[in-house]
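S.K.: okay, predicted coordinates and the sequence, questions at the end:
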Amino acid sequence: MSLTLDPEAIAAAPPEAPRPNLLKLLLGIWVRPRATLAAVAAGPGWVWLIPLLLAAAFLIGRVLVAGPLQIEQQIAQQQQMQEESMANMPPEMRESLSPEAFEVHQPPLSAVITLPLVAGLAGIVLGWLARAGILHLGSMLFGGRQGFAGLYRVGAWAGFPLILRDAVQMLYMRLSHSLIEGSGLSGLAASTADSNLVAGGGMVSAVAGGGSAAPTALSLFLGRIDLYTLWFLGLLLVGLIAGGLSRGKALIVILFYAGLTLLPAFLPLLFGGMTGGF
């Protein structure tokens, strides 16, 4: 059996797509996002591994840095509570306490490292799949032609601002030796509440009892939003536009996706209202 090669068929065959330059893609996602996301969507399937490995690495690093700080914070809180309770006790009662009453229990590592690691890594794997599914469904409803795999790669590379956020938070906690207090833009809600308190003459309801204020819809919303999140949503929008959707249709898809991702943040407020705050 002889094997013959047809020169005309070889000449008519489409040229093989060039291999993507990873360094060019890693630089382009910051300076030329539209062209980079278009190249990622059309590129080989393995390019999603690059942001996946980076996201997992910085997540692990952030958890490992934050874990010991959380242990120190919880131990300090226990000591402060013990000192306050001892100060309110009569002297004879303090003297009758056993040495075990003065012990401070260290939180288990599983609570500050293992569980956050498992939850974070599961969130990456499952969250990225859910994101691609939502974007794919929304794109199809408006006549988009991008496939699930392409949108999965686009979503993975659009998440580089979130990877940068993990890196910045890890570096901040490592250098300052302190946890990050307040997530997202929730501080704006606190400052707004303080301004309203001052404008109202400093009156505080006696029901509050001087404790921490209950979370409001505004604080829950701002707690999930920061500049990195807005940057990420902007890149998702650019990726959909690069895939052929108009700006208006792409914006509707992104707003729908953002609404679904913000919905879990309001569940405590919703169930708190249904149960009367208990």
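M.R.: Yes, it's here.

S.K.: mind listing what residue 131 touches?
M.R.: Neighbouring residues of residue 131 by Cβ atoms under 8 Å, 6 or more residues apart in numbering: 152, 155, 257. The C-beta positions use only the backbone N, C-alpha and C, and glycine is treated the same way.

S.K.: point me to the helix or strand that includes the first one.
M.R.: Under the criterion DSSP states H and E, the helix or strand holding residue 152 is helix 148-158.

S.K.: so for that helix, what gets flagged as buried?
M.R.: Within helix 148-158, the residues scored as buried using 16 or more other Cβ atoms under 10 Å are 150, 151, 152, 153, 154, 155, 156, 157, 158.

S.K.: ok, these vs residue 143, which is closest?
M.R.: Nearest to residue 143 among those: residue 151, at 14.5 Å, using Cβ to Cβ.

S.K.: check what pLDDT that closest one gets.
M.R.: Per-residue pLDDT puts residue 151 at 96.

S.K.: next one: the closest residue to residue 235 other than its chain neighbours from residue 181, what distance?
M.R.: In space, and not counting its chain neighbours, residue 235 is closest to residue 158: 3.7 Å by Cβ to Cβ, 6 or more residues apart in numbering. According to Cβ to Cβ, to the nearest Å, residue 158 stands 28 Å off from residue 181.

S.K.: which stretches of this protein aren't confidently modelled?
M.R.: Low-confidence segments of the chain (pLDDT under 70): 1-19, 82-104, 182-221, 265-278.

S.K.: what's the burial count for residue 67?
M.R.: Other residues lying near residue 67 total 18 when counted by other Cβ atoms under 10 Å.

S.K.: how near is it to residue 43?
M.R.: 36 Å.

S.K.: and the angle for the host helix or strand of residue 70 with helix 148-158?
M.R.: Per DSSP H and E, residue 70 falls inside helix 49-87. Counting by axes from the mean of the first three to the mean of the last three Cα atoms, to 10 degrees, helix 49-87 lies at 50 degrees to helix 148-158.

S.K.: buried stuff in helix 49-87?
M.R.: Neighbour-count burial for helix 49-87 flags 50-52, 54-56, 58-63, 65-67, 69-71, 74 (criterion: 16+ other Cβ under 10 Å).

S.K.: next: stretch 23-35.
M.R.: Neighbour-count burial for stretch 23-35, with 16+ other Cβ under 10 Å as criterion, is recorded at 25, 28, 29, 33.

S.K.: quickly find the element holding the second one.
M.R.: Taking DSSP H and E as the definition, one finds residue 28 inside helix 22-31.

S.K.: show residues contacting that helix.
M.R.: With contacts defined as Cβ under 8 Å, 6+ apart, helix 22-31 is touched by 35, 36, 37, 39, 40, 47, 50, 157, 160, 235.
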